[in-house]
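**Student:** Let's see this in three dimensions:
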Amino acid sequence: MKRIDLMTNEEMLGFVDHTALKAAVSWLEIEKVCGEALAYKMAAACIPPSYIARASAAFPTLNLCTVVGFPLGYSVLSAKERETEAALADGASEIDMVINIGAVKDNDCLAVEREITALKRICGERVLKVIVETCWLTQEEKKSLCVIVTNGGADYIKTSTGFGSAGAALDDIALFKRYIGAGVKIKAAGGIRTKEAFSAFLAAGCSRIGSSSAADVLLSHS
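**Tutor:** Numbers count the residues shown, from 1 in each chain. Reported below is the predicted structural model:
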């Protein structure tokens, strides 16, 4: 990766998953987000699964990401599997899944790893990001999840849904870097709303940043 202090704001946008996941999001908003993601060469547009087929038809060259088990994570595994299959069939190329946080609290590491493994098997070569929702976790649970996400074969560990009690924190990125396997990347999401924050999370080791405001924030500083 190019040194962060040498990156232009436009280059930073290349690490962004441009996101629109609010409950009342409309097609006009989805269309805007997808158009911006394409125009500014962002990493992906992250949108609700119900809009993936329409967005795929309207923006056939755009990298589309969607969410599974979102935002609470406690769907049964068969539901997450079906969501994943449907999203990929509709045109998604990246899946951001929410783990079953209750299983973490029950210390049922096997159940969490099993669902990650199952969804990665469905994704195949396509990208699977695992949202662990750091705001609900102890330090030891975060460390354990780094191992679980690695063993499950996921491509990314992701901090947050943006719907929890807190978003991404730089301390958690440092912890992830220490405990994840060599093949796992990091995505930060939730509360990253300034140019300084974008720079800090990229410098800390994130390969993706989920944001609904990246275009406005970074382009206003160009």
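**Student:** can you list the residues that contact the helix-or-strand element of the chain with minimal mean pLDDT?
**Tutor:** Of all helical and strand segments in the chain, the minimum by mean pLDDT, DSSP states H and E falls on helix 214-219, at a mean of 87. With contact meaning C-beta atoms under 8 Å, 6 or more residues apart in numbering, helix 214-219 is reached by 9-10, 12-13, 16, 18, 36, 40, 42, 193-195, 198, 211. For glycine as for every other residue, the C-beta is placed from the backbone atoms N, C-alpha and C.
**Student:** Am I right that residue 162 is in contact with residue 189?
**Tutor:** Yes. Between residue 162 and residue 189 there is a contact under C-beta atoms under 8 Å: 5.7 Å.
**Student:** shared neighbours of these two, which are they?
**Tutor:** Each of 19, 210 lies in contact with both residue 162 and residue 189 under the rule C-beta under 8 Å, 6+ apart.
**Student:** Tell me which of those two has more neighbours.
**Tutor:** For residue 162 and residue 189, the more surrounded residue by other C-beta atoms under 10 Å is residue 189, and the numbers stand at 26 against 21.
**Student:** ok, now which ones touch the more buried one?
**Tutor:** Residue 189 touches 17, 19, 131, 158-162, 167-168, 209-211, counting by C-beta under 8 Å, 6+ apart.
**Student:** out of these, who's nearest residue 109?
**Tutor:** Distance to residue 109 across those (C-beta to C-beta) is lowest for residue 131, with 16.8 Å.
**Student:** where does the protein dip in pLDDT?
**Tutor:** 1, 221-222 (pLDDT under 70).
**Student:** how about the strands in it?
**Tutor:** Secondary structure of the chain (DSSP state E): strands at 16-19, 44-46, 64-68, 94-98, 127-131, 156-158, 185-189, 208-211.
**Student:** Which secondary structure elements does the fifth one sit against?
**Tutor:** This points to strand 127-131. Helices and strands touching strand 127-131, by 3 or more C-beta pairs under 8 Å, 6 or more residues apart in numbering; DSSP states H and E, are strand 64-68, strand 94-98, helix 109-123, strand 156-158.
**Student:** Any chance of TSV for the ones you listed, columns distance to residue 218?
**Tutor:** TSV is the format used below for the helices and strands packed on strand 127-131 (distance: least, C-beta to C-beta, whole Å):
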stretch	distance to residue 218
strand 64-68	19
strand 94-98	21
helix 109-123	29
strand 156-158	20
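**Student:** Nearest to residue 140, out of those?
**Tutor:** Nearest of the helices and strands packed on strand 127-131 (C-beta to C-beta): helix 109-123, 11.6 Å.
**Student:** how much does the closest one deviate in direction from strand 127-131?
**Tutor:** 150 degrees (axes from the mean of the first three to the mean of the last three C-alpha atoms, to 10 degrees).
**Student:** and residue 107, what does it touch?
**Tutor:** Contacts for residue 107 (C-beta under 8 Å, 6+ apart) come out as none.
**Student:** Dump the helices and strands packed on strand 127-131 into TSV; add distance to residue 148 and mean neighbour count as well.
**Tutor:** Shown next, in TSV, are these (distance: least, C-beta to C-beta, whole Å; neighbours: other C-beta atoms under 10 Å):
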stretch	distance to residue 148	mean neighbour count
strand 64-68	17	26
strand 94-98	13	26
helix 109-123	5	19
strand 156-158	9	26
